[in-house]
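Chemist: quick one, what's the 3D model for this:
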Amino acid sequence: SAEAQVYDPTSDRWTAVAPMETPRISHSASTLADGRALVCGGRTTGWKTIAEVEIYDPRSNTWTQAAPMPVPMLAHTQSTLNDGRVLVCGEDAKGVPTMCTYNPETDQWTAAALPKGLVGTRYASQTTLADGRVLVAG
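Modeler: Presented below is the predicted three-dimensional model:
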């Protein structure tokens, strides 16, 4: 679906916001350092795995296209690093593990080296720890 909602913990309410430009499922999202949200990949209608990326700006309630990921991914995970880049871990459409980083200041993607021992990250969870390391679980 292209639907999007914002949760307000103060009022304990969800509010519908502008829909994404590309309907999708099995995508990932994270908050950028400036408060915008980065939504990456997933699947569209027809079960096509996509590389498309959109950024939601809550100040203007608008979505804009960003540079696409280097490879289409679905059921991947992502988190914002302490330096503001976003690390995306997952598998391509053929199940091959892949990692890349997105720099929101330059709108560019860079391939990241796969760590030794990393197994499939499909449907995993990911978070950036306070010391800058990234935990991937599941």
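
Chemist: can you pull out the strands in the chain?
Modeler: 4-8, 13-17, 28-31, 37-43, 49-57, 62-66, 77-80, 86-91, 97-103, 108-111, 125-128, 134-137 (DSSP state E).

Chemist: partners of the fifth one, with directions?
Modeler: The one in question is strand 49-57. Applying DSSP bridges, strand 49-57 is found paired with strand 37-43 (antiparallel), strand 62-66 (antiparallel).

Chemist: tell me which of these sits nearest to K94.
Modeler: With Cβ to Cβ as the criterion, K94 lies closest to strand 37-43 of these, at 14.3 Å. Placement of C-beta: from N, CA and C, glycine included.

Chemist: hang on, the earlier thing: most tightly packed of the strands paired with strand 49-57?
Modeler: Of all the strands paired with strand 49-57, strand 37-43 has the most neighbours on average by mean count of other Cβ atoms under 10 Å, namely a mean of 22.

Chemist: put the alpha carbons of that one into CSV.
Modeler: Provided in CSV are the C-alpha atoms of strand 37-43 (Å, rounded to 0.1, in the frame of the first residue of the first chain):
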residue,chain,number,x,y,z
ALA,A,37,12.0,9.5,7.1
LEU,A,38,13.8,7.3,4.6
VAL,A,39,11.8,4.4,3.0
CYS,A,40,13.7,1.9,0.9
GLY,A,41,12.9,-0.9,-1.4
GLY,A,42,10.3,-3.6,-0.9
ARG,A,43,7.8,-5.1,-3.3
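
Chemist: run the chain-centre distance for that strand.
Modeler: 5 Å (Cα atoms, centre = their mean, to the nearest Å).

Chemist: buried set for stretch 90-108?
Modeler: For stretch 90-108, a neighbour-count test (16 or more other Cβ atoms under 10 Å) marks 90-93, 98-102, 104 as buried.

Chemist: the lowest-mean-pLDDT helix or strand in the chain packs against which elements?
Modeler: When each helix and strand of the chain is scored by mean pLDDT, DSSP states H and E, strand 134-137 comes last, with a mean of 84. In terms of contacts (3 or more Cβ pairs under 8 Å, 6 or more residues apart in numbering; DSSP states H and E), strand 134-137 is packed against strand 86-91, strand 125-128.

Chemist: about what we covered before: with distance to R43 and pLDDT added, can I get the buried residues of stretch 90-108 in JSON lines?
Modeler: JSON lines is the format used below for the buried residues of stretch 90-108 (distance: Cβ to Cβ, whole Å; pLDDT from 0 to 100):
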{"residue": "G90", "distance to R43": "12", "pLDDT": "88"}
{"residue": "E91", "distance to R43": "13", "pLDDT": "84"}
{"residue": "D92", "distance to R43": "13", "pLDDT": "81"}
{"residue": "A93", "distance to R43": "9", "pLDDT": "78"}
{"residue": "T98", "distance to R43": "16", "pLDDT": "87"}
{"residue": "M99", "distance to R43": "20", "pLDDT": "90"}
{"residue": "C100", "distance to R43": "18", "pLDDT": "95"}
{"residue": "T101", "distance to R43": "22", "pLDDT": "97"}
{"residue": "Y102", "distance to R43": "19", "pLDDT": "98"}
{"residue": "P104", "distance to R43": "24", "pLDDT": "97"}
